[in-house]
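Participant: What shape does this take:
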Amino acid sequence: MKTIIKNTIISATLILMIGSTFSCKKKVTPAPKASAQPQGVLYIHIHTDIDTTEVDSGVVAKDATGRRFQLDTAEFYICNIKLKKVDGAYISAGKVYLLKTIAQEAYMVGNVPAGNYLSASFDVGIDAATNQKDPASYSTSSSLSAQNPSMWFGSTSKGYMFVNVSGI
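Facilitator: Just a heads-up that it's a prediction; the model follows:
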């Protein structure tokens, strides 16, 4: 009797092992990944002008009335860059801060969804929360780090200069 029970248990175990090895298995197909919207790199190009005349540092320029100008410094902060889509919706370029200088005209903003846009807009200056941070808290590659000439009033209560223009 013990032999029959022992053989039955062994047989049942073998049947279960063989059955589980050759049983029908449901093929699990991973869900397709949502295709990411194609991205493009947004660049902006800004000139320094007096009236309608493009100027460079140290170069004498005239406005429409004939007055002569010479800029030594012309810089300002840009933030809150937005692109207006053809359907009227706006896409934010993210939390980007650029420092436009007289010597530089082209700026890489970052990645934005590829598409057709009607216009771009931005704010001149810096938002209130960022304006209260010390430039020393940013990496030297950041436009918000210490600049020469300085764009910082020297304390978190005064913050940054939003526009700095000097010349004769």
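Participant: what about residue 161, how many residues close to it?
Facilitator: Look at residue 161: counted by other Cβ atoms under 10 Å, it has 18 neighbours. Every C-beta, even on glycine, is put in place using the N, C-alpha and C of the backbone.
Participant: and if you look at residue 96?
Facilitator: Neighbours around residue 96, by other Cβ under 10 Å: 17.
Participant: if we look at the sheet, which residues does residue 60 bridge to?
Facilitator: Beta bridges link residue 60 to residue 70, judged by DSSP bridges.
Participant: Isn't it up against residue 69?
Facilitator: Yes. Taking contacts as Cβ atoms under 8 Å, residue 60 lies within contact range of residue 69: 7.1 Å.
Participant: more crowded one of those two?
Facilitator: Comparing residue 60 with residue 69 by other Cβ under 10 Å, the one with more neighbours is residue 69, at 15 against 11.
Participant: Lowest mean pLDDT among the helices and strands of the chain, which one is it?
Facilitator: Here the helix or strand of the chain ranked lowest by mean pLDDT, DSSP states H and E is helix 2-22, holding a mean of 42.
Participant: what comes up buried for the following helix or strand past that one?
Facilitator: For helix 2-22, the succeeding helix or strand toward the C-terminus, using DSSP states H and E, is strand 39-45. Judged by neighbour count (16 or more other Cβ atoms under 10 Å), strand 39-45 contains these buried residues: 42, 44.
Participant: Looking at strand 39-45 now, give me its mean pLDDT.
Facilitator: Mean pLDDT, strand 39-45: 94.
Participant: Residue 163 - how many residues pack around it?
Facilitator: Counted with other Cβ under 10 Å, the neighbours of residue 163 add up to 12.
Participant: My error: substitute residue 168 in the last question.
Facilitator: Residues lying near residue 168 (other Cβ under 10 Å) number 8.
Participant: Give me the below-cutoff pLDDT ranges for the protein.
Facilitator: 1-35 (pLDDT under 70).
Participant: go again using 50 as the cut-off
Facilitator: Residues of the chain that meet the criterion pLDDT under 50 lie in 1-24.
Participant: and the nearest residue to residue 98 once chain neighbours are set aside, what are its bridge partners?
Facilitator: Nearest residue to residue 98, sequence neighbours excluded (Cβ to Cβ, 6 or more residues apart in numbering): residue 78, at 4.4 Å. Note on residue 78: beta-bridge partners by DSSP bridges are residue 98, residue 124.
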